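**Student:** Provide a 3D model corresponding to the input given below.
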Amino acid sequence: MLFDYDNVKDFIIAHYKVTERDDTPFWNYVRNMEVPDSLRERLDVFRSTGQTLSNERELFREVSWYAVLTGQGLVPADYHPAADTLDDDDIRLRLGRWRTAVVDRVKTLPMHEDFIRKTCASAALKQRDEARVGG
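**Tutor:** So this is what the prediction gives:
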C-alpha cells in the first residue's frame with residue numbers, strides 16, 4: 001500500500017516539477033521544490049536516457065510517465081544504449097506490426113460522435129438528433 005501511495009505521489013508531483021510555467025510564484029516554487037529521491041532518480045534517468053523506470057507493480061505505467069514528462073516539455077538528452085543493439089530491419093518489422101495492430105484496432109472502433117451519442121449524449125445533442133429525424 002505504501003508503494004502505491006508513493007508511486008501516485010511521485011506521479012502527481014512530476015506534473016508540477018517538470019512544468020515550464022513561470023508566470024506566478026506558485027509555478028516558480030513547484031519547479032524548484034525538492035522532490036522525493038524516488039522521483040529525482042526517475043527524472044534524472046529519463047532526462048539522460050528516456051527510460052521511465054516504471055514496473056508492472058505501479059499504477060502508472062511507462063506510457064503514462066512518458067506522456068506526462070514529454071507533455072510537460074521534458075526531452076531526453078539521449079536514448080538507452082541497448083537500442084543500439086537492435087537490428088534496423090527488426091525495428092522496421094516490429095514498428096510495422098505495431099502500426100498494423102493499431103490500424104486494425106481503430107477500424108473496429110466507432111466514430112467519436114457515434115460513441116458520444118451512444119454513451120453520454122447531452123440534452124442538446126439529443127435535441128439536435130430529434131430535430132434531424134423529425135425535420
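
**Student:** and Pro36, what is it in contact with?
**Tutor:** By C-beta atoms under 8 Å, 6 or more residues apart in numbering, the contact set of Pro36 is Asp6, Lys9, Asp10, Ile13. All C-beta spots, glycine's among them, are computed from the backbone N, C-alpha and C.

**Student:** among those residues, which one has the most neighbours?
**Tutor:** Asp10 (22 neighbours; other C-beta atoms under 10 Å).

**Student:** didn't that one look like it was pressed against Asp37?
**Tutor:** No. Contact status for Asp10 versus Asp37: not in contact, 9.9 Å apart, counting by C-beta atoms under 8 Å.

**Student:** which one of the contacts of Pro36 sits closest to Arg31?
**Tutor:** Ile13 (11.3 Å; C-beta to C-beta).

**Student:** for that closest one, give me its contacts.
**Tutor:** Ile13 neighbours (C-beta under 8 Å, 6+ apart): Val35, Pro36, Leu39.

**Student:** cool, Ala77 as well?
**Tutor:** Arg47, Ser48.

**Student:** for it, give its distance to Phe46.
**Tutor:** Distance, Ala77 to Phe46, by C-beta to C-beta, to the nearest Å: 10 Å.

**Student:** quick one: residues in contact with the helix or strand of the chain with the lowest mean pLDDT.
**Tutor:** Least confident helix or strand, the chain: helix 123-134 with a mean of 82, by mean pLDDT, DSSP states H and E. Helix 123-134 has contacts (C-beta under 8 Å, 6+ apart) with Ile116, Arg117, Ala121.

**Student:** now His80: phi and psi?
**Tutor:** phi -70, psi 130 (degrees, to the nearest 10).

**Student:** number of residues surrounding the residue lying closest to it once chain neighbours are set aside?
**Tutor:** Using C-beta to C-beta, 6 or more residues apart in numbering and skipping the chain neighbours, the partner closest in space to His80 is Thr49 (4.7 Å). Around Thr49 there are 17 other residues, counting by other C-beta under 10 Å.

**Student:** residues touching Thr49, list them.
**Tutor:** Pro76, Asp78, Tyr79, His80, Pro81.
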